[in-house]
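Trainee: Next input, structure requested:
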Amino acid sequence: MELKKFVNFDQIDIAFKAKSDKALKKRHFIFSTMKWPWLVSIGTSLTKFSLSAGLPVKGLVKSTIFDIFCGGESLDTCSDACDELERYGIGAIFDYSVEGEKTEAGFDVTTEEVLRTIETAAKSEVMKFAAFKITGVGAYDLLAKIHANEMLSDEESVAYNRVVNRVERICALASKLGVTVLIDAEETWIQKPIDDITIGMMAKYNKDKAVVYYTFQMYCHAMLENLKSMHKKATTDGYVLGAKLVRGAYMEKERERAQAMGYSDPIQPTKNSTDDDFNAACKFCIQNLSEIGLFAGSHNEESNYRLTLLMDEFGLKSDDDRIYFGQLYGMSDHISFNLAHGGYNVIKYVPYGPLKATIPYLIRRAAENTSVKGQSGRELTLVTKELKRRKS
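Mentor: Residues are numbered from 1 along each chain as shown. Sure, this is the predicted structure:
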């Protein structure tokens, strides 16, 4: 398809304007490594083993992959990343990327940290966003049990109420301070209680505009119809649907589990199917923009192009405050910085947290850059071009 270009993602001088030569060379090394899936697999296994065994590799990890994909080990140390993005008109979502908490005390700590990110976001001069995972504030096994419609014990029912109360505190503060909060999607086998909680929060806090956003993982073949049915429910019940669209981050796990347990694979049959549904979902949201807030989280250049075309087709301004483009920190700067340069609303997810606790997130980023066709190769090509341009 021939696309009219409102932005040019090949403008590498804009894409990497914020990066020093040293930072670009580090990226070149990281993305060169990520071209080789076997090397990434060995590297992630060795990293997990070394950290669990207490071997002195923290400095190496922190100065390489952590430095590329994370803002810092604490919220306070993310200021450099935030300042860099804001200088170029890009907002930051500080995402406390600690996963796998299993204690009530740990869930409370995570809740307080998310509340801190909301208070920090409220001070932003660009865009005010926060994000979190329900598994950061509630037990994974408890969510799985609820999803499977198993009977809860009295103690488990009390624990679930605490989960809902934690999410309530987060959404209430976000609403009070004018911050948009994105609730991330997770594995399909724990998704039902996440759906129930998120829909409940949208119904309460999205009366006039989208404050709370539900995440639609478009690599699930049922998700486009899910978007349409949730939009219908929102309009019937009188609230604005907050729709964060992503392709998804758990594809391999989902397929392996479906095969192992003998149920139907929830994942799209092909990448093209996922792309088609993502683009169709964007169009549906634009067509119903009076009732939907759209956050399009994508590293796919064509999908981002198509969304700019849709905005123009429907007579929408590039900075319409109901539409946001989002990418992950350390990835697709050629998309983020060129969109921002074109006047579009752009947000970067900036994960942070103690290095050891962010390893699951970092492993997903490494896997994503090897499994997404052309991702690491595209990043490497652009960085290489910019280094050559600067040298000449």
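
Trainee: Would you agree residue 210 is in contact with residue 322?
Mentor: Yes: assessed by CB atoms under 8 Å, residue 210 is found in contact with residue 322 at 7.3 Å. From N, CA and C alone the C-beta is placed, and that goes for glycine too.

Trainee: Pick out whichever of those two has more residues nearby.
Mentor: A count of neighbours by other CB atoms under 10 Å puts residue 210 above the other of residue 210 and residue 322, at 25 against 18.

Trainee: in which helix or strand would I find the more buried one?
Mentor: Per DSSP states H and E, residue 210 falls between elements, in no helix or strand.

Trainee: Could I get the CA-only coordinates of the longest helix anywhere in the chain as PDB?
Mentor: Among all segments of the chain classified by DSSP state H, the helix with the greatest residue count is helix 154-177. The C-alpha atoms that make up helix 154-177 are tabulated as PDB, following Å, rounded to 0.1, in the frame of the first residue of the first chain:
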ATOM      1  CA  ASP A 154     -12.500 -16.900  53.100                       C
ATOM      2  CA  GLU A 155      -8.800 -15.900  53.300                       C
ATOM      3  CA  GLU A 156      -8.500 -15.800  49.500                       C
ATOM      4  CA  SER A 157     -11.700 -13.700  49.200                       C
ATOM      5  CA  VAL A 158     -10.200 -11.200  51.700                       C
ATOM      6  CA  ALA A 159      -7.000 -11.200  49.700                       C
ATOM      7  CA  TYR A 160      -8.800 -10.500  46.500                       C
ATOM      8  CA  ASN A 161     -10.700  -7.600  48.100                       C
ATOM      9  CA  ARG A 162      -7.300  -6.100  49.100                       C
ATOM     10  CA  VAL A 163      -6.200  -6.400  45.400                       C
ATOM     11  CA  VAL A 164      -9.300  -4.400  44.300                       C
ATOM     12  CA  ASN A 165      -8.700  -1.900  47.000                       C
ATOM     13  CA  ARG A 166      -5.100  -1.300  45.900                       C
ATOM     14  CA  VAL A 167      -6.200  -0.800  42.300                       C
ATOM     15  CA  GLU A 168      -8.900   1.600  43.600                       C
ATOM     16  CA  ARG A 169      -6.300   3.700  45.500                       C
ATOM     17  CA  ILE A 170      -4.200   3.900  42.300                       C
ATOM     18  CA  CYS A 171      -7.100   4.900  40.000                       C
ATOM     19  CA  ALA A 172      -8.600   7.300  42.500                       C
ATOM     20  CA  LEU A 173      -5.300   9.200  42.900                       C
ATOM     21  CA  ALA A 174      -4.800   9.300  39.100                       C
ATOM     22  CA  SER A 175      -8.200  10.700  38.600                       C
ATOM     23  CA  LYS A 176      -7.700  13.300  41.400                       C
ATOM     24  CA  LEU A 177      -4.300  14.500  40.000                       C
END
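
Trainee: residues of it that come out buried?
Mentor: Of the residues in helix 154-177, those scored as buried under the neighbour-count criterion (16 or more other CB atoms under 10 Å) are 156, 159-160, 162-164, 166-167, 169-171, 173-175.

Trainee: Return the member of those nearest to residue 113.
Mentor: residue 170 (10.4 Å; CB to CB).
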